[in-house]
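[1] when you get a sec, could you give me coordinates for this:
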Amino acid sequence: MTSTTDSPRRKTLLEKLHAFAYFSSGIYALFIALLATPFFQRHAFYQHAIRLPWGARFDLPEKYGLAPGKTMNFQLTTTDNLTLGSWFVLSEPFYQSHRMSSPLPVANPSLEVVHDAIRKHPTVLYCHGNTATRAAPARVQHYLSFTSRLHANVMVIDYRGFGESQGQPSDWGLKEDARAAWRWLVEHGAKPEDVLIVGHSLGTGVVTTLATWLTQEGVKPRGVVLLAPFTNVASLLETYDIQGYPILQPLQTFPLGRKLLKRLVQHEFDTLNAIQDINVPVLIAHSQDDPDIPYHHSRTLLDKLLAPHLPVAPLLPPNPDMTFTQEQYAAVIEGEKARRAKRSELVRKVDIPSFGTIEEFDGSAGKVVYVETFWGQHNKVGLQEGVQDVIAKSKL
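    Reported below is the predicted structural model:
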């Protein structure tokens, strides 16, 4: 007598797909829930725990390519009593003069030498982006370029929570760190008109806030340079991806998801609303091949600065279901034509083959320059010699 047992039924392909969809949805929901917590959102946004180069010797800047005796490593203190790791890099002409005048190999510059450099050359206050430290290779290349091509000193800080700096990063905290750096420069002899404020990526949100604070204080720095900026964090998240994967795109596909995403954002950095309050010349540079922040963010900032000089934009229907009369439609068309004509009249545009486009106009607080390069990606647009030449030519 033989007995038979039923073998387990194999799942169909459709059942497997359903199970995978449920599992993936659960993982995604967990990811969004974690991202909504302050701890995970802070680490995802600032990525300050990635302290490249690992085990950095900030007291030994020569290890990262800076000349012997060219950089002072020091710490400054914020108003909330945190210490920030900082470098002051001497301008190349000053450094060479100092080196040649010394009978012995030059040591790291003293505060007295730094004061002399501040008096004799302009200074770039550089605010870097997220991830890594002030010793990261691409950032050191910026210091080398600025000191040699712009003949400027460079002061750079690691924000709170970055490098060996104390504390944890936050929207308010990074802005306060930039103010502390500005105060340090002024206290050590820098004239506001000799300090060029430069921000890259995340740093553009920091320096925009610094510049608007200086406006409120009635202080005018030399100018503001924004390298690969974004309009605000909420808009940046619309295109944000990790290794090419748009992880937040599913939430962008329906209104409730977009509202939820904006409510979850705890770090604002709203450059778009602040940029018109800057009271000095502004230069914006962005690369078309930037994989991290699309260059349309910079074009939006440029349009914001240009808007007060154009005719008022014609009003469109508040509801897409509403229809325009023929007269209303004609008024919109004529209004747009007037705006385009005025823009062409105000904006001076130069196309440079194999490099990109330069646009400039006279804004409310001085010259506004926009450089859109073909190359440079995200981290090296400021290293383009063409960009540096425009900065120098603009006398920022």
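
[2] now stretch 335-343: buried residues?
    339, 343 (16 or more other Cβ atoms under 10 Å). Placement of C-beta: from N, CA and C, glycine included.

[3] again, but for stretch 278-292
    Buried residues in stretch 278-292, counting neighbours by 16+ other Cβ under 10 Å, are found at 278-287, 290, 292.

[4] widest-spaced pair of the residues you listed?
    Asn279 and Asp292 (29.4 Å; Cβ to Cβ).

[5] give me the element Gly218 is part of.
    For Gly218, there is no host helix or strand (DSSP states H and E).

[6] how about Met72?
    For Met72, the element it lies in under DSSP H and E is strand 71-77.

[7] after that strand, which helix or strand is next? Please name it.
    Following strand 71-77 toward the C-terminus (DSSP H and E): strand 83-89.

[8] and that following strand, what other elements does it pack with?
    Other elements packing on strand 83-89 under the criterion 3 or more Cβ pairs under 8 Å, 6 or more residues apart in numbering; DSSP states H and E are strand 71-77, helix 137-149, strand 153-157, helix 171-187.

[9] ok, residues contacting it?
    The contact list for strand 83-89 (Cβ atoms under 8 Å, 6 or more residues apart in numbering) reads 58, 61, 66, 70-78, 109, 114, 133-134, 143, 147, 153-160, 162-166, 177, 180-181, 184.

[10] one more: stretch 170-190?
    Contacts for stretch 170-190 (Cβ under 8 Å, 6+ apart): 42, 76-80, 84, 86, 111, 114-115, 118-119, 123, 125, 127, 155, 157, 159-161, 165, 167, 192, 195, 202, 206-207, 209-210, 213-214, 266-269.

[11] got the CA positions of it in PDB?
    The C-alpha trace of stretch 170-190 is given here as PDB (Å, rounded to 0.1, in the frame of the first residue of the first chain):
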ATOM      1  CA  SER A 170      22.200  72.300  12.100                       C
ATOM      2  CA  ASP A 171      20.700  75.000  10.000                       C
ATOM      3  CA  TRP A 172      21.200  77.700  12.600                       C
ATOM      4  CA  GLY A 173      24.500  76.300  13.700                       C
ATOM      5  CA  LEU A 174      26.300  76.400  10.300                       C
ATOM      6  CA  LYS A 175      25.100  80.000   9.800                       C
ATOM      7  CA  GLU A 176      26.500  80.900  13.200                       C
ATOM      8  CA  ASP A 177      29.800  79.200  12.300                       C
ATOM      9  CA  ALA A 178      30.100  81.500   9.200                       C
ATOM     10  CA  ARG A 179      29.400  84.500  11.400                       C
ATOM     11  CA  ALA A 180      32.100  83.400  13.800                       C
ATOM     12  CA  ALA A 181      34.600  83.200  10.900                       C
ATOM     13  CA  TRP A 182      33.600  86.600   9.700                       C
ATOM     14  CA  ARG A 183      34.100  88.100  13.100                       C
ATOM     15  CA  TRP A 184      37.500  86.500  13.400                       C
ATOM     16  CA  LEU A 185      38.700  88.000  10.200                       C
ATOM     17  CA  VAL A 186      37.400  91.500  11.200                       C
ATOM     18  CA  GLU A 187      38.900  91.200  14.600                       C
ATOM     19  CA  HIS A 188      42.300  90.400  13.100                       C
ATOM     20  CA  GLY A 189      42.400  93.400  10.800                       C
ATOM     21  CA  ALA A 190      40.400  92.500   7.700                       C
END
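
[12] may I see the buried residues of it?
    So, applying 16+ other Cβ under 10 Å, buried residues of stretch 170-190: 170-171, 173-182, 184-185, 190.

[13] sorry, back to before: which ones among the contacts of stretch 170-190 lie within helices?
    Taking DSSP state H as the definition of helices, the contacts of stretch 170-190 contribute 42, 111, 114-115, 118-119, 202, 206-207, 209-210, 213-214.

[14] any of the residues you listed buried? List them.
    For the ones in helices among the contacts of stretch 170-190, buried by 16+ other Cβ under 10 Å: 42, 114, 118, 202, 206-207, 209-210, 213-214.

[15] can you redo these as a markdown table with distance to Glu334?
    Listed next are those as a markdown table, based on distance: Cβ to Cβ, whole Å:
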| residue | distance to Glu334 |
| --- | --- |
| Arg42 | 49 |
| Val114 | 59 |
| Ile118 | 54 |
| Leu202 | 42 |
| Val206 | 42 |
| Val207 | 39 |
| Thr209 | 39 |
| Leu210 | 41 |
| Trp213 | 41 |
| Leu214 | 40 |
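
[16] and these, which is the shakiest by pLDDT?
    Lowest pLDDT within those is found at Arg42 (86).

[17] quick one: it and Gly167 touch, right?
    No: using Cβ atoms under 8 Å, Arg42 makes no contact with Gly167, being 11.5 Å away.

[18] quick check: Ala44 vs Asn130, distance?
    10 Å (Cβ to Cβ, to the nearest Å).

[19] more crowded one of these two?
    For Ala44 versus Asn130, neighbours defined as other Cβ atoms under 10 Å are more numerous around Asn130 (19 against 14).
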